[in-house]
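>>> pasting the sequence and the predicted model now:
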Amino acid sequence: MDRFDYIIIGAGSAGCVLANRLTEDPAIKVLLLEAGPKDNSLLVKMPAGVGALLTQKGAYNWGFWTEKEPNLNNRRLWWPRGKGWGGSSSINGMIYIRGHARDYDQWRQLGLSGWSYAEVLPYFKRAETFQGGGDAYHGDKGPLYVSKASSPSSIYSSFIKAGGEAGHKLTNDFNGFQQEGFGPYQLTIRDGQRWSASAGYLRPILGQRPNLTAEVEARTTRIVIEKGRAVGVEYVQGKGLETKTAYADAEVLLCTGAAQSPQILQLSGIGDSDDLTPHGIGVTHELKGVGKNLQDHLDVTLSWETPNTPSAYAYNKGVNRLVTGLNYLVRGQGPGRQNFLEAGAFLKSRQDLDRPDLQLHCVMAIMEDHGKVAVPKDGFSIHVCQLRPESRGHINLTSADPFADPAIFANYLATDEDKRALREGVKIVRDVAGQASLQAIRGKEHAPGEGVQTDAEIDAFIQRAGETIYHPVGTCKMGAAGDPMAVVDDQLRVMGIEGLRVIDASVIPLLVGGNTNAPTIMIAEKAADLLRGRAPLAPVDAPVYADTEAAA
């Protein structure tokens, strides 16, 4: 029998961190199972390849679709999720955002010991090597390289200046003292290459640590539970689809994300009996919250033409596409080094809020349908998403077939507040686009177009054009004792099952105000200390963030 101390299911952002940190101890034997391939593609390495990776179902993208969303004209929405080494960190937009400091204080207020901002900031710093050097907010010795925005495009600088002209705050570090305002993004890009969790944590140790076994194309079908304890994993590998079993003497660590961690639990008989019995799955352990509490950032995109200012289109039209690719492949230079998304903002849709509830992403291209639709014009887009939705959805099985996609019902825009905030975001973006700095470079509004003006027309635009911006969380909720929807405790242990933890974005109880890759890596860094029985890193001594009168 194949026996290990720990079996890690999923070599995504969290799985790569755990594989690295656990095998630092040569006495700990680890099996890492990944359903996808190695991350060898040039598209993964090249930041400009992000568009192709996000828009296509394939080797590196599970390419899920939601169920019909009733508040979005019954559309089924495209849900890209990473597959292969690095998981979603190998296909995402490479934006490094932690969320607002108060997001984590709110976790602590839910009764989750050890998860306040003062307690998680040291783990963000341990993970990071920041191009600007270490300080109170940033690390300088971690595996995850974080760079500063470097594109010379006037689109980004004009966007940031226009934000100031519209009366908004400016900030030079969304992950530092002040999140609110317009500013440059920090990026998981190193020397012109995507710096995924695989690049930072997994690849440097492959072949260097005999206590790590890393399998690819190995799809987990079930966690083996005996007498209330997780003792192993069943998986299939190769063309023959022969079922293999590996055993864990210490723990099984489930790290497959907000869509598939609940799916694997359900396939293993752990979940709400009302969700399992219709598919003929016996209930091993009743746990009502599995698959519930789904939260995601809904996004809507406004765009403008830039007739005299080059954008990503200029670098990719005709023969320029070949030139861009060859310049990157041969010399490692040129626009292939860019993610075309280097500036943004965090804003409040109402001034009485204690932290921003809107996030903007400025993209150096006209975007339609996630970039699936090519628009043959130079231009820019401003994505606006609501950061703290009240709406909740769920993940269910479509069948007992472990190879079937999960049923995803995000339930976007289920509340009036969610609709109001996003509507206000559209108005704010248009106001910014009307300022002098953007007026100087932009032509006509491409989307939604000048014909969309009233609240009803804006709402209709959101309903027909709103999409995910790829931040699902919450489906294996971390909760305190007595929380009926809790799936794991504050140690990330599955309630009522020994030897099993969930460690990924699915445990996030309340969606953070920003992109979710950095928080997922932080969660895994903290989990590594929990697993190895080490004392947690010392919390910071005092509040180190602004944005509210209380903090000031």
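Nice, I can see it. Residues are numbered from 1 along each chain as shown.
>>> where exactly do the helices run in the stretch 301-450 of the chain?
Along the stretch 301-450 of the chain, counting by DSSP state H, counting those that start in this stretch, helices occupy 312-316, 319-326, 416-433, 436-439.
>>> a markdown table please, covering those helices and showing mean pLDDT.
Formatted as a markdown table, the helices of the stretch 301-450 of the chain follow (pLDDT from 0 to 100):
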| stretch | mean pLDDT |
| --- | --- |
| helix 312-316 | 89 |
| helix 319-326 | 86 |
| helix 416-433 | 98 |
| helix 436-439 | 98 |
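>>> quick one: closest of these to residue 351.
The closest of these to residue 351 is helix 416-433. By Cβ to Cβ, the value is 11.2 Å. Backbone N, C-alpha and C define where each C-beta goes, glycine included.
>>> for the host helix or strand of residue 245, which strands pair with it and how are they oriented?
Taking DSSP states H and E as the criterion, residue 245 maps to strand 242-254. Strand 242-254 has these partner strands in its sheet, going by DSSP bridges: strand 2-9 (parallel), strand 229-237 (antiparallel), strand 500-502 (parallel).
>>> picking that back up, what's the closest of the helices of the stretch 301-450 of the chain to residue 32?
Across those, closest to residue 32 is helix 319-326 (Cβ to Cβ), at 31.9 Å.
>>> list the helices and strands the closest one packs on?
Using 3 or more Cβ pairs under 8 Å, 6 or more residues apart in numbering; DSSP states H and E as the contact test, the elements touching helix 319-326 are helix 312-316.
>>> CA atoms of the helix it packs on as PDB?
Extracted in PDB, the C-alpha atoms of helix 312-316 (Å, rounded to 0.1, in the frame of the first residue of the first chain):
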ATOM      1  CA  ALA A 312      -3.300  45.600 -26.200                       C
ATOM      2  CA  TYR A 313      -5.100  45.400 -29.600                       C
ATOM      3  CA  ALA A 314      -2.200  47.300 -31.300                       C
ATOM      4  CA  TYR A 315       0.300  44.600 -30.000                       C
ATOM      5  CA  ASN A 316      -1.900  41.700 -31.100                       C
END
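>>> got the strands paired with strand 242-254 as JSON lines, with mean neighbour count columns?
As requested, the strands paired with strand 242-254 are exported to JSON lines (neighbours: other Cβ atoms under 10 Å):
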{"stretch": "strand 2-9", "mean neighbour count": "22"}
{"stretch": "strand 229-237", "mean neighbour count": "20"}
{"stretch": "strand 500-502", "mean neighbour count": "27"}
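>>> now mean pLDDT too, for the ones you listed, in JSON lines please.
Below are these laid out as JSON lines (pLDDT from 0 to 100):
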{"stretch": "strand 2-9", "mean pLDDT": "97"}
{"stretch": "strand 229-237", "mean pLDDT": "97"}
{"stretch": "strand 500-502", "mean pLDDT": "98"}
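>>> now those strands in CSV, with distance to residue 426?
CSV is the format used below for the strands paired with strand 242-254 (distance: least, Cβ to Cβ, whole Å):
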stretch, distance to residue 426
strand 2-9, 40
strand 229-237, 45
strand 500-502, 36
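>>> the closest residue to residue 514 other than its chain neighbours in helix, strand or coil?
Leaving aside its sequence neighbours, residue 514 sits nearest to residue 97 (Cβ to Cβ, 6 or more residues apart in numbering; 3.6 Å). The three-state label given to residue 97 by DSSP: H, G, I helix; E, B strand; the rest coil is coil.
>>> tally of neighbours for residue 97?
By the measure other Cβ atoms under 10 Å, the count of residues near residue 97 is 22.
>>> verify the stated contact: it with residue 515.
Yes. Taking Cβ atoms under 8 Å as the definition, residue 97 is a contact partner of residue 515 at 4.2 Å.
>>> that older thread, buried residues, the strand holding residue 245. List them.
246, 248, 251-254 (16 or more other Cβ atoms under 10 Å).
>>> for the helix or strand just after it, what is the average pLDDT?
Next helix or strand after strand 242-254 toward the C-terminus (DSSP H and E): helix 257-267. Averaged across helix 257-267, pLDDT comes to 98.
>>> elements contacting helix 257-267?
Using 3+ Cβ pairs under 8 Å, 6+ apart: helix 257-267 touches strand 218-226, strand 242-254, strand 394-396.
>>> what's the closest of those strands to residue 189?
strand 242-254 (28.2 Å).
>>> neighbouring contacts of that closest one?
With Cβ atoms under 8 Å, 6 or more residues apart in numbering as the contact definition, strand 242-254 has outside contacts at 1-10, 15, 18, 31, 33, 218, 221, 223-224, 230-237, 261, 264-265, 476, 499-504, 527, 531.
>>> pretty sure residue 299 sits against residue 383.
Yes. At 5.1 Å, residue 299 and residue 383 qualify as touching, with contact defined as Cβ under 8 Å.
>>> any chance you could list residues touching both of the two?
The contact lists of residue 299 and residue 383 share residue 469, where a contact means Cβ under 8 Å, 6+ apart.
>>> tell me the pLDDT of the nearest residue to residue 68 once chain neighbours are set aside.
Excluding its sequence neighbours, the residue lying closest to residue 68 (Cβ to Cβ, 6+ apart) is residue 74, at 4.4 Å. pLDDT for residue 74: 98.
>>> please tell me how far residue 74 sits from residue 66.
The gap separating residue 74 from residue 66 is 11 Å, by Cβ to Cβ, to the nearest Å.
>>> now do residue 58
Going from residue 58 to residue 66 by Cβ to Cβ gives 19 Å.
>>> and for residue 324?
Per Cβ to Cβ, residue 324 is found 33 Å from residue 66.
>>> just residue 322 next, same as before
In terms of Cβ to Cβ, residue 322 sits 36 Å off from residue 66.
>>> higher neighbour count, the two?
Applying other Cβ under 10 Å to residue 322 and residue 66 shows that residue 66 carries more neighbours, namely 20 against 10.
>>> name the helix or strand for that one, please.
strand 64-69.
>>> how about that strand: buried residues?
Buried residues in strand 64-69, counted by 16+ other Cβ under 10 Å: 64, 66-67, 69.
>>> same check, this time on stretch 362-380
In stretch 362-380, counting by 16+ other Cβ under 10 Å, buried: 362-368, 370-371, 375, 377-380.
>>> need the max-distance pair from the residues you listed.
Every pair of the buried residues of stretch 362-380 checked by Cβ to Cβ; the farthest is 370 and 378, at 19.3 Å.
>>> can you count the residues close to the closest residue to residue 205 other than its chain neighbours?
Excluding its sequence neighbours, the residue lying closest to residue 205 (Cβ to Cβ, 6+ apart) is residue 20, at 5.7 Å. As a burial measure, residue 20 scores 23 neighbours (other Cβ under 10 Å).
>>> state whether residue 20 is indeed within a strand.
No. Under three-state DSSP, residue 20 sits outside any strand and is assigned helix.
>>> surely residue 303 and residue 366 touch.
Yes. Assessed by Cβ under 8 Å, residue 303 is found in contact with residue 366 at 4.5 Å.
>>> and for these two, which residues touch both?
375, 379-381, 446-447.
>>> next one: the helix-or-strand element of the chain with minimal mean pLDDT to chain centre, how far?
Within the chain, no helix or strand scores below helix 319-326, which has a mean of 86 by mean pLDDT, DSSP states H and E. Put simply, helix 319-326 sits 30 Å off its chain's centre (Cα atoms, centre = their mean, to the nearest Å).
>>> again with stretch 323-339
Centroid separation for stretch 323-339 versus its chain: 26 Å, with Cα atoms, centre = their mean.
>>> any idea how far stretch 72-92 is from the middle of the chain?
9 Å.
>>> how long is that stretch end to end?
24 Å (Cα to Cα, to the nearest Å).
>>> and that stretch, which residues are buried?
Here stretch 72-92 shows 72, 75, 77-92 as buried, counting by 16+ other Cβ under 10 Å.
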